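Q: Quick one: sequence and predicted model below, then my questions.
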Amino acid sequence: MSPASISYRRPSADRLLYRALAISAGAVAAILALILVYLTAASAGLLFADAGLWRLDWHPSLGAYGLLAMLVGSLAVSVLAVLFAVPPGLVLAVWGRFFAPPWLGGLYRGAMGLLASIPSVVYGFWGLVALVPWLNRWAPPGASLLAGALVLALMILPILVLQADLALDEARRRHLAAAMALGASVSGTVRRVLLPTAAPQLLPAVLLQLGRALGETMAVLMVAGNVVQLPEAITTPIRTLTANIALEMAYASGAHQTALFASGWLLLVLVTLIMLGARAMAGRFAAGPAGGGKGDAH
Amino acid sequence: MQFLSRNLFFVVTLVAALFATGCARESGEHLVVTGSSTIAPLATVLAERFEATHPGVKIDVQAGGSARGVADVRQGLANIGMVSRALKADEGDLLADTIARDGIAIIVHRDNPVAALTREQIIAIYTGQVRDWKAVGGADAPITVVNKAEGRSTLELFLSHFKLEAPAIRADVVIGDNQQGIKTVAGNPQAIGYVSIGTAEYEASRGTPIRLLPLGGVEASTAAVAAGRFPLSRPLNLVHRSELSGIARDFIAFARSAEVNDLVTGQYFVPPAVR
């Protein structure tokens, strides 16, 4: 459909706006595509050769560029962070919307917005000087998968709460009155009606935060220990792909640098897959009957 | 239309001005400095300050390792080479001027009762043969080994001094910069790490709970490094052939002068004692 067909007086102005928007949108898409092309080209030397990228040992000085341990580290710390953050996030959102006095709930949402705007390096610094020494007392060396996941969980919690709150609020406006009219209790309504209704928005929100956790660099670098190894226990130090790039990029050259570009490529592909998964999941929920019926299919 | 022409005039003027300055730069003198990636950041800030006081001079600093610095100077590809070690016997055709010294200190938490470690003990700790402080005269607690990330010059110097290979090290925490290392050791009474001596000395003097361990009977201090007494240190040299252009000679003299001490310490290096 041409945008001009719905214009009223000045089709040329509409057409101009349409073009400007198309160019902006195209530019963003092109930049993303160019980043992928550039990363692929920069890491092609190792990516498409049998250079041992999928092995465990990372010893750049000896020409061993295995990224597998760091891939596992990235995934482990992010998934664990989401597992830590989702239950309290949901509880806080439900409490703030349905059980707290309205003024307290509003205050709480304001505080969450404030927490979300704290730079990640501040969380990392807190983790380094407070959390890691504390963990060290019962599980040396303290800097570990657990520390990384806790700091990440704290970082993604505020936005998770806010997103869950929005989804629940929408579900509430649509269904609370009906549920109350049927004589359901508030807790029953939240559990059986509102949470299932909000699920199509909640799951993509969780996946978005997983993507954010995967991409986080400084906070994890400061607390996760950065030892290249598979996490044998939750208290094992690990290194993530992002931390690997940040730690070594400034001093890398040649194949070492190519391997770091390959770390970036792997990360970009991983995050892209997760985002696509989030979209697909949101689409499936919206279309399917499980998500609360027609009301969501718009 | 008037708006457009005024803008056009502005752009033309700007381009002309840029072009003119570009030409002035091209016609001035050009120095190429290549070599050690340890020295390159220092050489870059030195070059910036030198260029600011010498209009028309352009200094191009490229990192690529000490070996490249030596090779480039010999082949005439660079005017000055950066070499982060003393010259070897077969490099007698070159002259070296030390612009700074790089030293690293072994640090532990201030409350750690261990007063000193021998070379063998440090090697045993870093290779994972000793995993408890008790074995080296300390408390009954596991050792947290703090190592540097690959590519750092501090790691390189540490490894070469103790004749270790990178994969032999069994680290519990890998850190990026010196500050992270100091924070890690300050927050963990069982930790041992190594950082640039300048940073460690400064932090310890400010009350950060870390302690610098002596090495081979020499206390770890910037003074000992400057005097060349501290074993875990190395000279950072600018090397060149005996004949030098005027501007290259000026730059080396500038790099060795006391007026750049702030730049040297800013990169966590130690200015040489005798200027």
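A: On my side now, so go ahead. Numbering: from 1, shown residues only, chains lettered A, B, ... in the order given.
Q: OK, contacts around the residue of the stretch 51-200 of chain B found nearest chain A?
A: Ranked by Cβ to the nearest Cβ, the top residue of the stretch 51-200 of chain B for proximity to chain A is residue B:151, at 3.1 Å. Placement of C-beta: from N, CA and C, glycine included. Contacts for residue B:151 were tallied using Cβ atoms under 8 Å, 6 or more residues apart in numbering or on different chains; they are A:60, A:248, A:250-252, A:256.
Q: State the pair within those that is farthest apart.
A: Using Cβ to Cβ, the contacts of residue B:151 reach their maximum pairwise distance at A:60 and A:250, which is 13.1 Å.
Q: Save the contacts of residue B:151 as a markdown table, and put in distance to chain B, neighbour count and pLDDT too.
A: Below are the contacts of residue B:151 laid out as a markdown table (distance: Cβ to the nearest Cβ, whole Å; neighbours: other Cβ atoms under 10 Å in any protein chain shown; pLDDT from 0 to 100):
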| residue | distance to chain B | neighbour count | pLDDT |
| --- | --- | --- | --- |
| A:60 | 5 | 22 | 80 |
| A:248 | 5 | 21 | 83 |
| A:250 | 8 | 13 | 70 |
| A:251 | 3 | 20 | 69 |
| A:252 | 6 | 19 | 70 |
| A:256 | 7 | 17 | 82 |
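Q: can you give me the strands in the chain?
A: By default, I'm working from chain A. Counting by DSSP state E, chain A has strands at residues A:58-59, A:64-65.
Q: My question was about chain B, not that one.
A: Ranges of strands within chain B are B:30-35, B:58-63, B:80-83, B:95-109, B:144-148, B:173-175, B:191-196, B:210-213, B:233-240, based on DSSP E.
Q: out of those, which comes closest to residue B:155?
A: Of the strands of chain B, nearest to residue B:155 by Cβ to Cβ is strand B:144-148, at 4.0 Å.
Q: What residues does the stretch 51-200 of chain A have near chain B?
A: Taking Cβ under 8 Å from any Cβ of the partner chain as the contact definition, the stretch 51-200 of chain A meets chain B at A:57-62, A:128-129, A:132-133, A:136, A:140-143.
Q: Taking the residues you listed, please make a ChimeraX selection of just the buried ones.
A: The command below creates a ChimeraX selection of those among those that count as buried (16 or more other Cβ atoms under 10 Å in any protein chain shown):
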select /A:58,60,128,129,132,133,136,140,141,142,143
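Q: Can you read off the pLDDT for the residue nearest the centre of chain B?
A: Nearest to the geometric centre of chain B sits residue B:38, at 4.5 Å (Cα atoms, centre = their mean). pLDDT recorded at residue B:38 is 77.
Q: now the strands of chain A as JSON lines including mean pLDDT and distance to residue B:229?
A: JSON lines is the format used below for the strands of chain A (pLDDT from 0 to 100; distance: least, Cβ to Cβ, whole Å):
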{"stretch": "strand A:58-59", "mean pLDDT": "83", "distance to residue B:229": "33"}
{"stretch": "strand A:64-65", "mean pLDDT": "84", "distance to residue B:229": "37"}
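Q: Figure out which of the ones you listed is closest to residue A:116.
A: Residue A:116 sits nearest to strand A:58-59 of all the strands of chain A, at 33.5 Å, using Cβ to Cβ.
Q: Residues contacting that closest one, please?
A: For strand A:58-59, the external contacting residues (Cβ under 8 Å, 6+ apart) are A:64-67, A:69-70, A:228, A:244, B:150, B:166-167.
Q: Cross-reference the contacts of residue B:151 with the helices and report the matches.
A: A:248, A:256 (DSSP state H).
Q: just the contacts of residue B:151 now: which is nearest residue B:260?
A: Looking across these and measuring by Cβ to Cβ, the closest to residue B:260 is residue A:250, at 22.4 Å.
Q: Show me what from the stretch 101-250 of chain B comes close to chain A.
A: Residues of the stretch 101-250 of chain B lying near chain A (Cβ under 8 Å from any Cβ): B:141-142, B:144, B:149-153, B:165-167, B:171-176, B:180, B:183-184, B:187-188, B:190-191.
Q: Can you select the buried ones among those for me in PyMOL?
A: A single PyMOL command selects the buried members of these (16+ other Cβ under 10 Å):
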select buried, chain B and resi 144+149+150+151+152+153+166+171+172+173+174+175+176+180+183+184+187+188+190+191
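Q: picking up where we left off before, can you report phi and psi for the residue nearest to the centre of chain B?
A: Backbone dihedrals for residue B:38, given as degrees, to the nearest 10, come out at phi -70, psi -40.
Q: I'd say it and residue B:101 touch.
A: No - taking contacts as Cβ atoms under 8 Å, residue B:38 lies outside contact range of residue B:101: 11.4 Å.
Q: Overlap in contacts, these two.
A: Listed contacts common to residue B:38 and residue B:101 are residue B:236; contacts here mean Cβ under 8 Å, 6+ apart.
Q: Restricted to helices, list the residues of the stretch 101-250 of chain B next to chain A.
A: Short answer: those in helices (DSSP H) are B:153, B:180, B:183-184.
Q: For those, could you give me JSON lines that also reports distance to residue A:124 and pLDDT?
A: Below are these laid out as JSON lines (distance: Cβ to Cβ, whole Å; pLDDT from 0 to 100):
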{"residue": "B:153", "distance to residue A:124": "24", "pLDDT": "71"}
{"residue": "B:180", "distance to residue A:124": "10", "pLDDT": "84"}
{"residue": "B:183", "distance to residue A:124": "11", "pLDDT": "88"}
{"residue": "B:184", "distance to residue A:124": "12", "pLDDT": "88"}
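Q: what's the closest of those to residue B:196?
A: residue B:153 (9.1 Å).
Q: ok, for that closest one, nearest residue in space, not its chain neighbours?
A: Of all residues not flanking residue B:153 in the chain, residue B:38 sits nearest, at 3.7 Å (Cβ to Cβ, 6 or more residues apart in numbering or on different chains).
Q: Sketch out the low-pLDDT regions of the stretch 1-150 of chain B for me.
A: For the stretch 1-150 of chain B, the stretches with pLDDT under 70 are B:1-28.
Q: still on that earlier bit, to residue B:223, which of the strands of chain B lies closest?
A: Minimum separation from residue B:223 across the strands of chain B (Cβ to Cβ) falls at strand B:95-109, 10.4 Å.
Q: which parts of the closest one are buried?
A: B:95-96, B:98-109.
Q: As a check, name the ranges of all helices in the stretch 51-200 of chain A.
A: Taking DSSP state H, counting those that start in this stretch as the test, the helices found in the stretch 51-200 of chain A are A:68-94, A:102-116, A:120-126, A:132-138, A:145-181, A:186-189, A:195-215.
Q: elements contacting the longest one?
A: With contacts defined as 3 or more Cβ pairs under 8 Å, 6 or more residues apart in numbering or on different chains; DSSP states H and E, helix A:145-181 has these neighbours: helix A:68-94, helix A:102-116, helix A:120-126, helix A:132-138, helix A:186-189, helix A:195-215, helix A:218-223.
Q: tell me the average confidence for it?
A: The model assigns helix A:145-181 a mean pLDDT of 89.
Q: Figure out how far it is from the centre of its chain.
A: 14 Å (Cα atoms, centre = their mean, to the nearest Å).
Q: again with the shortest one
A: With Cα atoms, centre = their mean as the basis, the distance from the averaged C-alpha position of helix A:186-189 to the chain average is 30 Å.
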